[in-house]
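> fold the following, please.
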Amino acid sequence: CGRCQDNCPAYLTEKPLSPKKIVNDVKAAMDDRIPKLLVAQDPAAVESKALIGEYVLEDEIWSCTNCAACMENCPVQIEHVPKINDMRRYQVLMEGKMAPELQTSFSNMENNSNPYGFAFAARGDWVTEDLGVKTLAEDPDVDFLYYVGCAASYDKRNQKVAIALCKILKAAGYKVGILGAEEACCGDSAMRAGNEYLFHSLAAQNLETFKNYGVKKIITTCPHGYNMLKKEYPKFAKVGVDSSGNPLEANYEVYHHTEVIMDLIKLGKIRLSKPLNETITYHDSCFLGRYNEIYDQPRNIIKAIPGTNFVEMSRNHERSFCCGAGGARMWIEEHLGTRINQFRTKDAQATGATKIGTACPFCLTMLSDGANELDIQNLQTFDLAEYVWEAMEK
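This next block holds a predicted model:
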């Protein structure tokens, strides 16, 4: 019916990807090959057109942001994204083909446990003494392990989000620890870019570390890490083993920081008393919204702040539009069509808001860049943790 492509951010920004065409091309390839296999004496000798290259172009599969808007809008529940990621996996693991930028990101994750390429030993350097945050190696007795993630560990803009969250939790009376140099990338970008082996390595490393410290509660500021720890790690733990060959475990609870902050507001553990007098719109992260159905907490946080005028973008909740960074696109230059982040920034501008609220480090980066690229002077992007800390009674 085409509802998938009508909601696809890649298709709507003139990329070569159409989810509808992908599904039809996979079907055409199967229709060509399967009858030949059924009558062949030697299946290995059957000749047919290559799925990738002759039916589906490489630029098509690499244009996908894994936002899942196609699957959300499909009336018959076709799963477009897993099909695309399967083809990426074949390209990377069997053919060694990928975007040049991904080669660098994969190497960085393999050598330094983060796609940026910064030293893993510097992962906790953002922590200041006044936060009272220590590594679990220094003090394992904590209320929450804060799984910081790569962006908040190394990107200076996102480090401000990590600091704001730690200040909020400290003010609420919670003791928080981090892993520091022992934390590895969650593996989201590796998995979604087709490097399954690298994902397995990173996931096993993190799960073993969680087990060694007896971690029971984890908080994240990144929906990608949240989704991996909540949904992908438990699946991998059923089949993976640690460095000693023992079965892995995923015996922990994981929370996104918007869930925790909203609970703190409800329980009266933090008070939002400073009026901020802003008109704010909220951008639903794909991996927080469509993948994990967290829609209400971020909006309720904004509405709890005095003086806030909340306005919705035309595309919101499950119909939200991607920022352009998912599916490992954060690490790949956008050479084709209109930039997705600019497309989404215009949605925010149309509301008349002066600030865009986010709850994802990738979205924060992409929408900040979008406003700068479009030279929109009166539209700032922030994470909800920053906004809450600003409004809190100190």
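> from the contact counts, what lies against the host helix or strand of Pro82?
In the assignment (DSSP states H and E), Pro82 maps to helix 80-90. When contacts are defined as 3 or more Cβ pairs under 8 Å, 6 or more residues apart in numbering; DSSP states H and E, helix 80-90 packs onto helix 19-39, helix 58-62, helix 69-73, helix 188-192. The C-beta positions use only the backbone N, C-alpha and C, and glycine is treated the same way.
> pipe those helices into TSV and attach mean neighbour count and mean pLDDT per row.
Written out in TSV, the entries for the helices and strands packed on helix 80-90 read as follows (neighbours: other Cβ atoms under 10 Å; pLDDT from 0 to 100):
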stretch	mean neighbour count	mean pLDDT
helix 19-39	15	92
helix 58-62	20	96
helix 69-73	22	97
helix 188-192	26	98
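> these: which one's closest to Ala99?
Smallest distance to Ala99 across those (Cβ to Cβ): 5.9 Å, for helix 58-62.
> quick test: name the residue nearest the centre of this structure.
By Cα atoms, centre = their mean, the chain has its centre lying nearest to His224, at 2.8 Å.
> can I get the helices and strands packed on helix 80-90 in a markdown table with distance to Ser153?
Listed next are those as a markdown table, based on distance: least, Cβ to Cβ, whole Å:
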| stretch | distance to Ser153 |
| --- | --- |
| helix 19-39 | 34 |
| helix 58-62 | 27 |
| helix 69-73 | 29 |
| helix 188-192 | 14 |
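> for Tyr197, see how far away Ala190 is.
8 Å (Cβ to Cβ, to the nearest Å).
> please enumerate the helices of the stretch 201-350 of the chain.
If you assign secondary structure with DSSP state H, counting those that start in this stretch, the helices in the stretch 201-350 of the chain sit at 223-227, 233-237, 257-267, 296-303, 340-349.
> touching the last one from outside, list them.
Spelled out, that is helix 340-349. Taking contacts as Cβ atoms under 8 Å, 6 or more residues apart in numbering, the residues outside helix 340-349 that touch it are 9-10, 12-13, 65, 281, 283, 313-315, 321-325, 334, 356, 366-367, 369-371, 373-374, 376, 379.
> counting by contacts, list what the next helix or strand after it packs against.
Scanning the chain past helix 340-349 towards its C-terminal end, the next helix or strand to appear is strand 355-358 (assignment: DSSP H and E). Counting by 3+ Cβ pairs under 8 Å, 6+ apart, the packing neighbours recorded for strand 355-358 are strand 278-282, helix 361-373, strand 380-383, helix 384-391.
> avg pLDDT for the helix or strand harbouring Gln5?
Remark: Gln5 resides in helix 3-6, with elements defined by DSSP H and E. In this model, helix 3-6 has a mean pLDDT of 96.
> that older thread, and Arg290, which of the helices and strands packed on helix 80-90 is closest to it?
When the helices and strands packed on helix 80-90 are ranked by proximity to Arg290, the top entry is helix 69-73, at 5.4 Å, counting by Cβ to Cβ.
> any idea how far that closest one is from the chain center?
With Cα atoms, centre = their mean, to the nearest Å as the basis, the distance from the averaged C-alpha position of helix 69-73 to the chain average is 17 Å.
> ok, now stretch 137-145?
Relative to the centre of its chain, stretch 137-145 is centred 25 Å away, using Cα atoms, centre = their mean.
> tell me the pLDDT at Ser48?
At Ser48, the predicted lDDT confidence score is 82.
> from what I can see it touches Asp32, true?
Yes - taking Cβ atoms under 8 Å as the contact criterion, Ser48 and Asp32 are neighbours in contact, 5.2 Å apart.
> flag the shaky bits of the chain, pLDDT-wise.
The model of the chain has pLDDT under 70 over residues 394.
> let me see the domain layout of it.
As given by automatic domain parsing, the domain ranges for the chain are 3-97, 101-259, 271-391.
> circling back: for Cys1, which of the helices and strands packed on helix 80-90 is the nearest?
Proximity to Cys1 (Cβ to Cβ) singles out helix 19-39 among the helices and strands packed on helix 80-90, at 8.1 Å.
> ok, and the closest non-adjacent residue to the residue nearest to the centre of the chain?
Nearest residue to His224, sequence neighbours excluded (Cβ to Cβ, 6 or more residues apart in numbering): Asp188, at 4.2 Å.
> cool, and Glu333?
Nearest residue to Glu333, sequence neighbours excluded (Cβ to Cβ, 6+ apart): Glu101, at 6.2 Å.
> neighbours of the one you found, how many?
By the criterion of other Cβ atoms under 10 Å, Glu101 has 15 neighbours.
> got a list of what it touches?
Residues touching Glu101, when contacts are defined by Cβ under 8 Å, 6+ apart, comprise Trp331, Ile332, Glu333.
> on that earlier part again, so the residue nearest to His224 versus Ile305, what's the distance?
Plainly put, Asp188 is 30 Å away from Ile305 if you go by Cβ to Cβ.
> cool, and Ala40?
67 Å.
> equivalent analysis for Gln342, please.
Gln342 sits 28 Å away from Ile305, going by Cβ to Cβ.
> these two: which is more packed in?
Relative neighbour count places Ile305 above the other of Gln342 and Ile305, with 23 against 19, counting by other Cβ under 10 Å.
> so what's that one closest to, chain neighbours aside?
Ala391 (4.6 Å).
> what inclination does the very next helix or strand once past the helix holding Pro82 have with respect to helix 80-90?
Following the chain from helix 80-90 toward its C-terminal end, the next helix or strand by DSSP H and E is helix 100-112. With axes from the mean of the first three to the mean of the last three Cα atoms, to 10 degrees as the basis, helix 100-112 and helix 80-90 are set at 70 degrees to each other.
> residues touching Cys64, list them.
Applying Cβ under 8 Å, 6+ apart, the residues contacting Cys64 are Ala10, Leu17, Val81, Ile84, Gly327, Arg329.
> what number of residues lie near the first one?
The number of residues packed near Ala10 is 29, by other Cβ under 10 Å.
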